[in-house]
Structures are given as C-alpha cells and as structure tokens.
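Visitor: here you go, sequence then predicted model.
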There are 2 protein chains.
Amino acid sequence: MRTIEQYKVCDLEFVGTTEGNPYADVTVSATFTREDGTDQVVVGGFYRGGGAYGIRFMPRSTGVWNFSVESNDPLLSGTSGSIEVTPATAGNHGRVLRTTDVRSGNAFGASGESFTFSYEDGTPFLPFGTTCYAWTNQPEAVQERTLETLAASPFNKVRMCVFPKFYDYNLADPELYAFQGEPEHFDHERFNEPFWANLDRRIEQLDDLGIQADVILLHPYDKEKWGFSKMTKAQDIFYLTYVARRYSAYKNVWWSLANEYDLLPAKTLEDWDQYARVIMANDPYGHLRSIHNCITIFDYSRPWCTHCSLQRVDLYRTAECVTEWREDYGKPVVVDECAYEGNINWGWGNITGEEMTRRFWEGCLRGGYLTHGETFVDKGPQIWWAHGGELHGESPERIAFCRKFLEEGPADLGPLAHTPENHAATWDLTVAADGFGTGTDYQLLYFGFFRPSYRELDLPVGKRYQIDVVDTWNMTIDTLPGTFEGHVRVDLPGKQYVLIRLRAA
Amino acid sequence: MRTIEQYKVCDLEFVGTTEGNPYADVTVSATFTREDGTDQVVVGGFYRGGGAYGIRFMPRSTGVWNFSVESNDPLLSGTSGSIEVTPATAGNHGRVLRTTDVRSGNAFGASGESFTFSYEDGTPFLPFGTTCYAWTNQPEAVQERTLETLAASPFNKVRMCVFPKFYDYNLADPELYAFQGEPEHFDHERFNEPFWANLDRRIEQLDDLGIQADVILLHPYDKEKWGFSKMTKAQDIFYLTYVARRYSAYKNVWWSLANEYDLLPAKTLEDWDQYARVIMANDPYGHLRSIHNCITIFDYSRPWCTHCSLQRVDLYRTAECVTEWREDYGKPVVVDECAYEGNINWGWGNITGEEMTRRFWEGCLRGGYLTHGETFVDKGPQIWWAHGGELHGESPERIAFCRKFLEEGPADLGPLAHTPENHAATWDLTVAADGFGTGTDYQLLYFGFFRPSYRELDLPVGKRYQIDVVDTWNMTIDTLPGTFEGHVRVDLPGKQYVLIRLRAA
C-alpha cells in the first residue's frame, strides 16, 4: 500500500482517454474515505495531458484511507485503491487557517471574530510575507536563485501570481504559458502542462521551506497579446476550477482571487463572489481565501473572505490602520502591500528599510500582519518584488529579528485596547500585551519613529517585572538589572525604533 | 508736534486720578481723527498705576492725526493733541492680516475664502513660527538670551503665553505676576505694572526683530496657587479687556484666545465666542484671532476666527491634513503644533529634525503654515518650547532654508489640486504651483520621506523649463544643465527629503 505523510500531497495519476478535449470533456473525481468511516473527502481531478489524469489528496488524519474514482470516462471510472497515512513529521503542521476555524474544524463557514492564524495542528502561525509576483514566470536560474534567497530569508509567505506580469520593469515574455497555443491564439480550454508542472514543483519547494504560497489567481498587469486579464467569465471559471483542483491538496496554498481587483473593472463584485464559490467548490480543504485592493478596499465582511489582504490606501498611515481594519472586519488583517523598500520611481516602491521595519512592528503590535517587498532599481537585473532573485534591502534582517522576537513571545499577544483609563500613558505608544491585550504578564511598548530619552511607567504593584530595552533597528535587547514594580523611570537611547518589553518575573 | 512712524506704537501717557481702583473705576478712551477727515479710530485706554493712564495708537496712514480723550475722570477728559505720522521705513509693513482682509480694508468681517497672509502694505507674509510658551516669565537673563536666539533664527512668529506655565519641566514660580497681590491672594482687579511693562518691552523687541507675537491669552497649565486658568468669567473679561487695550497698538500682535482650549472644560464654547467679542471690542485694528486645540479641533468656521491655529490630532498624519483643513474652513491654516523636535518623554516632543523639517515642507506646499518647537531634555537648563533660551535641534537651519526658498518663489504659490487627470503623475507627491496651484511657470514636486532614484515628468510642450534638484535636508540646489520640455527623466539622489523645482525658462 502506498504510504503518504499526513498533510502532504498524495499525488495520484490515472490513465484515461485522450479523445476530444479531455480538459473540458472528462469529469473525474475521487472519494477518499477513512477506513474507520470517520472522515470522507471528495476530490476533483484534472487532466495533465497525454492521457494522464491527476487526483491529489491531502490526508488530514493518519491511518488507512480508501478511494474510488468516478468519471464519465470508463477507463477511469471505478478505479479504487488504498493509501496509508503516516503521522506528520517535525515541522509539518498542515494547512494554515484562521485559529477559530482550526478549533471549529470548519474552514468554510462564517467564523466568529478571529484575528489570528494557526496551523491545522494548532501551532500558531504568524505570517511574515514577502512579494515576488512573477517569480515562477522567470527563467529557471532566477527561480532557483529566488528559492535560495527565500530559504535564507525570514519570510514564511510569498505573494505570487499564476500569470506573468507585464508592467514597468516587466516587459519580457515568459518561457512558458498557462495555456496551449501562442500569444493572441491561446486555447483557453487546453492547459500547457510544462507550465503547471513547474508551478507544482515551485509550490512544493516553498512548502519544503515552510513558506505559504499566497497564489494570486488574476491580476491586471497584462500584455495585450496575452490577454489573461481579459478572459471571459466562462474562461475565468474554467481556469479557476482547474487551479483549485490542481493545488488544493498543497497544504501551503492560500487563494488570493486577484491583485488590485479594482484595476480589473470589467469584473464585477458579483463576479468575485462567484469566483470564490468556484474555488470553494473545487477546494475540499477550504484554504484561506482573500482578494487584494489597489485604491478601493474590498468588503472583507463577505463570508467567503477568510481574512483581509489589504493594500494601504494612505501614503502616511499604513500599518497604523490595522486597528480600524480589525474593528471593521473582525478577521485577521494582513497588510499585503505596505509599500516596498527600494528606490524605484513611484512612491509605492521607494521607502527606506527603517520605514519598512517600522511598519512591521507597528502593524504586528496592533494585531495585524505585514508583507514585505523590495524594489531597488539599481541593484541588478532582477527586482525582487516581481522577479525574485536576490534581496538587497536593510529590512529583511530586521524583519527576521521581529519575527523571532514575536514568535518567542506569548501566543495570546494582542493589542492593548485604548480606553480612557490608559489613554494618558499610552496615547503615543503602540502597546501589545498577553491575554489578547488585557494581560499584565507581558507587555511590549513600541515608540516607532518617536525617540524619547526616557519613559516613566506605572507597573502593577505586587508583581515584579523584568524590563528590556529593545532597539528594533540595531537588533539589540538590553535587560535592565534587577526587577521592578510600581513607578519606574526607564532610560532610553533617544533613538527611533525602540521598544520596551515588560515581563513578569 | 510729536512724530511717530506709520504702523508704530504711539504710546501716550496721561495723568489722572489715583482714587478708588482706577483699573476698574476709570473709563478712558481717545478718538484719533486724521486731519483730512478720511479716517478715525477710537482707542481704549488702560491704567498703568501711579495715576498714569496709557493710550496707545497705531497710525495706519501718514499725515497729521488729532486726538481727544474721553473719560469719567475730569483730569483726563477733554485732553487733546496732534501727532504727525511719518511714512513707514524699510522693513515696516504694518500688521499681518489675511490677504483678503488687507485688500478689503476690513479686518473684522467674514472674509471670502482666503488661505494666505499679507502685511497691511500688501507684502506677502509666510509665517514660520516657533514656540516659547513662557519665555517672558523666565528670569531676565533667559529672556535676553531668547531674543538673541530668535534674532539669529528663521522664525518670524512666536507663540507665547501671557501667564506663566506650570507643567513638566515648568515648576518654578515667575519673578513677576500679572496681578497685584501674591499667589492665592491675587487681586484680579489690579494689574501689576512691572509684569506688563516687561511684556510691553518684549513684544516691542519682537517687533524690532520682525517677529509676530502670537499672544496666548489663556491656557490650562496652571498651578493651584496661581489659579489663572480658573478665574471667573468676569475676571477673564476684565483681564482680556485690559490686554486688548494695552497691546492692540502693537502691529506684531496676534490674538490666540487659548492654548489647548479643550483642556479648560469650565469654559464653554459660548464663553470663547464672548471672549472673542471682548477682544474685538477693545482692539480697534482687528488683529488676527484664533484659538488652539489639544484633542478636539475648534470650529474655525466661527466668523471671529481669522485663521486656523491647529494642533495635529493624529500621530502619523500632521502637515498632511492641511489639505482637508483648508477645505473644511476656507481660512489660512497654521499648524501651530505639529510636535516638537527633541527627546522628551512624550510623543508630542520627541520627533527628529528630519521629521520636523519634512512637516514644514509638506505643510507649506499643501498651502499651510507650520510652527516649530523644540524639547531636548538634556541640552541645558532651558527647554526652548517653554523657556526659550537656546536652540539645539537640526531643524531650524533647514527651516531657514525652506523659508528663504519659498519667499523667493512666486507669491501665488499654491497646492496643485488633485484631479483625476493629474492623479497618476502626482498621487505620491506633494505639488505646489504658481497661479495658486493652477500655473505651469513654477512647480515644486516634493517627495517627502520617499526616496526615488529618478522620476519621469511630462512637462508642457512649447515651453522650456529649468530643472533644479533640491535636497531639502542637506540644503543643496542642483540645477540641471540646459532646459527641458515634454517627457524628461530626472535622476534623483535616491535619498529622502528631495524636491524638484521646475521654472519656465
């Protein structure tokens, strides 16, 4: 019996007809049933070309699972078998979902208020994303280099488009296209297997690195000759169905319906709702689903949106808006574009490493998540934000420090609610605390671009505290000698980007 | 005949009764009539102690003016005389008013939309203010040092309180009080002449330096024993009447009814309206009038408010709000507190010199005006923001550069309106242009904290432009060789705080 590790892709291939257009004509699915009858999953299959049909199954529990194939192709229909699922090994925690959905075991329904993510096995997941929009559409050597860079980076999520990108600094045609045919003459009902085989491999490699693939299904940066942004609704749905069936067994996949959806004006809000239903109907696992704006923020209260995937819409307030977005939507807030570190001509891509790092700390302590990107125009042939390749900025090292620091903190860290009682002490600070912002055992007080030379604190009396002065830019943690309670004056370096950590001793 | 220069203080003193309480009992005023009958001003007088009564007149035109005194004191009543007013000499431009009010000749009525200030003689005035709240309540030597510092500074307006300040770093009692008596036992109907004589001298010295005295009449930073913030309404009015009569002849006076009015909750919005009427009734010249908020922005649409005197109410967006405040109120927008350069414990007083300088450029190019302040806790016994003394920050030198740069530019500089047509080219820039934002002969494109390494511009065709790359932090202006039209790529240093200046050749 074939064995597969829990949460990993059980990639089955069956031989069927090559007649007609199997992509469109053949329906194929398989039902996987746990031998003890406690679980069952119906998985849609997909055509791979050359008479090969794929069925990909992600076992969410150990033990023996039996399957049987249903199809309108007699060659496929009735095929059956069994697989044995072995326990997840170290580092394999399954899908990332909203924490509430992990707890409820339902990744499809409306969730109660939930601001955090967890892996399927309950391990907390804090997204620290980056952006390489078209990395899988670059030459092979660049893709390899991107993986090497990612492996050494702090990033555990990457925003990536299926389709190539046509835009400033992105003028080249890719080597492979998603569809058979040539530009201007694509056959939108026949997929180009080498393109998808490459994408399979890249998503799997990301998973091996522990990196979530935030797969952007549609986007507006399109070349007239390609036309991927101007497919008909039927073509969109045909394509989305295929992608969902092909990739939903990859535990590290997130669905992003579109990048800058509002720059695709031909698609209506109803279209996006419908496309989300298509994805959900073909993804039996209920991977995370969202959509990303340019100017007009999407209504993330739509039940199908599991989380917010925002672009900042104010040049000056970015991560600061996490607070109101949490209130607005009651869902995890990911600021998937907060501008990019770099020196490109446009304001979305020329902030400093200091400002990028500040936005991470600011947003994280407000209970959100940030996504990095990099746009240096003069550091080599690739620009990370679109091509991948290499990182040149000053922020990734600091983001690594931020990630480690927060991962080592309490899992129930959350933003301090600003109440009239704490206003005087915290109006100019961003404060996070244990107990989802209500606790007094662990607190982080972040000063951002302010640079006090000292701060007076009123610590709870009856508890002793360790005080650390953290320089988030220089990545130093100075623990003050002794422990403290009550009124304390903490001397600070008078520099920007400093944080005080309080821990009950 | 006594001669006085136009716009200067004609400070007349008359001898009257010392009986009773002359501060409260004696009414005195004088009517000044231009000999040719074309102008007349009625000026309220004030008691100086020792039987001396002051009448201060500011002649707004040259020639002979006759006056006669009216009083309920027979010693004063009927006194008359003449003065000869000589033309204003270089550097003497009269009061600062809204430009529209200078043009209409009416400084009291509701103005049409007006965003700029001018001197009374039509010379444009761009406020570049600073803040020394309690400088005239410091020891004599500190006051002298403050004047020396101001003389060498770029600042042409100073925010200053009449009353002393009791607050962090401001715990000392002043040498002189405004009222006779002692703390806890002040006589609110008897003023202490040495206090006022000092204030007279200081305001006159500021005028000699070309500096506007933005006089803050009431404020909440009060010591229990002083009680200046808790005077009764009658006491407030008695005091405001006195101040207006004593100082309205000083051309450099602006009236600020209060600092952080919303921290004086005992005073109602109706009180402020009434206090404004008291000032207007006793200031025959109609000096500029406003009031300053802490949290709750005042309704600057009140007819008596000549301009907005704002404190930023968002930690992250400060000078950026000038755009909306202009729209909201249709009046000149002065961001009188945009935080202070320094390293004090609180977020209102620990921004960098870079950020202070950025706020000036950002706000000025949006068509507003900024006020500086400085709060270094470790640079000496005085802190500029409250005590005066010396400046230590990095921004004043850059603010001087900004002021010189803008004063040398066109008087009709104004913010470019953001329209759909210019959005793509200017969404990440702050742009000002001649023609109050509509012109094409002079444009400033400011990048703020963004740091592009180049920018492509589409200059109007048919005109040639000189292009300057201005580093507002390092205070350099690099003029590109040649002149340009149409599509141009401008290489930039890839640093923050850069500005492009375009001038039609």
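Guide: Cool, got the structure. Numbers count the residues shown, from 1 in each chain, chains lettered A, B, ... in the order given.
Visitor: using CSV, list the CA coordinates for the lowest-mean-pLDDT helix or strand in chain A.
Guide: Least confident helix or strand, chain A: helix A:420-426 with a mean of 85, by mean pLDDT, DSSP states H and E. Only the C-alpha atoms of helix A:420-426 are listed here, as CSV (Å, rounded to 0.1, in the frame of the first residue of the first chain):
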residue,chain,number,x,y,z
PRO,A,420,-9.9,56.5,28.6
GLU,A,421,-8.1,54.9,31.6
ASN,A,422,-4.9,54.1,29.7
HIS,A,423,-5.0,56.9,27.3
ALA,A,424,-2.7,59.2,29.2
ALA,A,425,0.0,56.6,29.5
THR,A,426,-0.3,55.1,26.0
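Visitor: quick one: residues contacting residue A:240.
Guide: Applying CB atoms under 8 Å, 6 or more residues apart in numbering or on different chains to residue A:240 gives the contacts A:217, A:275, A:278, A:279, A:282. Backbone N, C-alpha and C define where each C-beta goes, glycine included.
Visitor: top of these by number of neighbours, please.
Guide: Using other CB atoms under 10 Å in any protein chain shown as the neighbour test, the contacts of residue A:240 are led by residue A:275, with 24 neighbours.
Visitor: separation between it and chain B?
Guide: 28 Å (CB to the nearest CB, to the nearest Å).
Visitor: ok, back up a step: any idea which helix or strand comes after the least confident helix or strand of chain A?
Guide: The first helix or strand that comes after helix A:420-426 along the chain, using DSSP states H and E, is strand A:430-433.
Visitor: got a list of what the residue of the stretch 151-300 of chain A found nearest chain B touches?
Guide: Using CB to the nearest CB, the single residue of the stretch 151-300 of chain A nearest to chain B is residue A:295, 9.3 Å away. By CB under 8 Å, 6+ apart, residue A:295 lies in contact with A:262, A:313.
Visitor: related to what we said a few turns ago, quick one: is the least confident helix or strand of chain A near chain B?
Guide: No: figure legend: helix A:420-426 not in contact with chain B (CB under 8 Å from any CB of the partner chain); closest approach 9.6 Å.
Visitor: what does chain A have sitting close to chain B?
Guide: Counting by CB under 8 Å from any CB, chain A sits next to chain B at A:314-317, A:320, A:343-348, A:350-352, A:355, A:377-378, A:427-429, A:447-456, A:494, A:496.
Visitor: let's see 6 Å
Guide: A:316-317, A:320, A:343, A:345, A:347, A:350, A:377, A:428, A:450-455, A:494 (CB under 6 Å from any CB of the partner chain).
Visitor: pull out the buried residues from those.
Guide: A:316-317, A:320, A:343, A:345, A:347, A:350, A:377, A:428, A:450-453, A:455, A:494 (16 or more other CB atoms under 10 Å in any protein chain shown).
Visitor: those in strands, which ones?
Guide: residue A:455 (DSSP state E).
Visitor: regarding chain A, what is its longest strand?
Guide: Scanning chain A for the longest strand, with DSSP E as the assignment, gives strand A:63-71.
Visitor: quick one: strands adjacent to the helix or strand just after that one?
Guide: Reading on from strand A:63-71 to the C-terminus, the next helix or strand found by DSSP H and E is strand A:80-86. Here strand A:80-86 is paired, per DSSP bridges, with strand A:2-5 (parallel), strand A:63-71 (antiparallel).
Visitor: buried set for strand A:80-86?
Guide: Buried residues in strand A:80-86, counted by 16+ other CB under 10 Å: A:83, A:85.
Visitor: give the next helix or strand downstream of that strand.
Guide: strand A:96-98.
Visitor: show me what that following strand is packed up against.
Guide: Here strand A:96-98 touches no other helix or strand, going by 3 or more CB pairs under 6 Å, 6 or more residues apart in numbering or on different chains; DSSP states H and E.
Visitor: is it correct that residue A:488 falls within a strand?
Guide: Yes: counting by DSSP: H, G, I helix; E, B strand; the rest coil, residue A:488 is located in a strand.
Visitor: wait, it touches residue A:458, no?
Guide: No: the pair residue A:488 / residue A:458 is not scored as a contact, 8.0 Å apart, by CB atoms under 6 Å.
Visitor: those two - which one has more neighbours?
Guide: Neighbour totals were compared for residue A:488 and residue A:458, and residue A:488 leads with 16 against 10 (other CB under 10 Å).
Visitor: which residues touch the more buried one?
Guide: A:457, A:459 (CB atoms under 6 Å, 6 or more residues apart in numbering or on different chains).
Visitor: distance check, it against residue B:474.
Guide: As judged by CB to CB, to the nearest Å, residue A:488 and residue B:474 stand 40 Å apart.
Visitor: so where's chain A shaky on pLDDT?
Guide: Low-confidence segments of chain A (pLDDT under 70): A:109-111.
Visitor: got the domain ranges for it?
Guide: For chain A, the domain assignment from automatic domain parsing gives the residue ranges A:2-86, A:100-172+A:204-407, A:414-504.
Visitor: any chance of CSV for those, columns distance to residue B:28?
Guide: Putting the domains of chain A into CSV (distance: least, CB to CB, whole Å) gives the following:
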stretch, distance to residue B:28
domain A:2-86, 92
domain A:100-172+A:204-407, 54
domain A:414-504, 47
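Visitor: which non-adjacent residue is nearest residue A:309?
Guide: residue A:290 (3.8 Å; CB to CB, 6 or more residues apart in numbering or on different chains).
Visitor: the one you found bridge partners, please.
Guide: Beta-bridge partners of residue A:290, counted by DSSP bridges, are residue A:256.
Visitor: how near is it to residue A:265?
Guide: Using CB to CB, residue A:290 is found at 20 Å from residue A:265.
Visitor: likewise residue A:88?
Guide: 44 Å.
Visitor: do the same with residue A:435
Guide: Applying CB to CB to residue A:435 and residue A:265 gives a distance of 45 Å.
Visitor: the more surrounded of the two?
Guide: residue A:435 (13 against 8).
Visitor: SS state for the more buried one?
Guide: Recorded secondary structure, residue A:435: helix (three-state DSSP).
Visitor: would you map the helices across chain A?
Guide: With DSSP state H as the criterion, chain A has helices at A:22-25, A:99-104, A:140-151, A:193-208, A:233-247, A:269-282, A:322-329, A:353-365, A:384-387, A:395-407, A:420-426, A:434-437.
Visitor: for residue A:309, which of those helices is the nearest?
Guide: With CB to CB as the measure, helix A:322-329 is the member of the helices of chain A nearest residue A:309 (10.8 Å).
Visitor: count of neighbours near the closest residue to residue A:94 other than its chain neighbours?
Guide: Closest residue in space to residue A:94, ignoring its immediate chain neighbours: residue A:120 at 2.9 Å, by CB to CB, 6+ apart. Using other CB under 10 Å, residue A:120 has 23 other residues around it.
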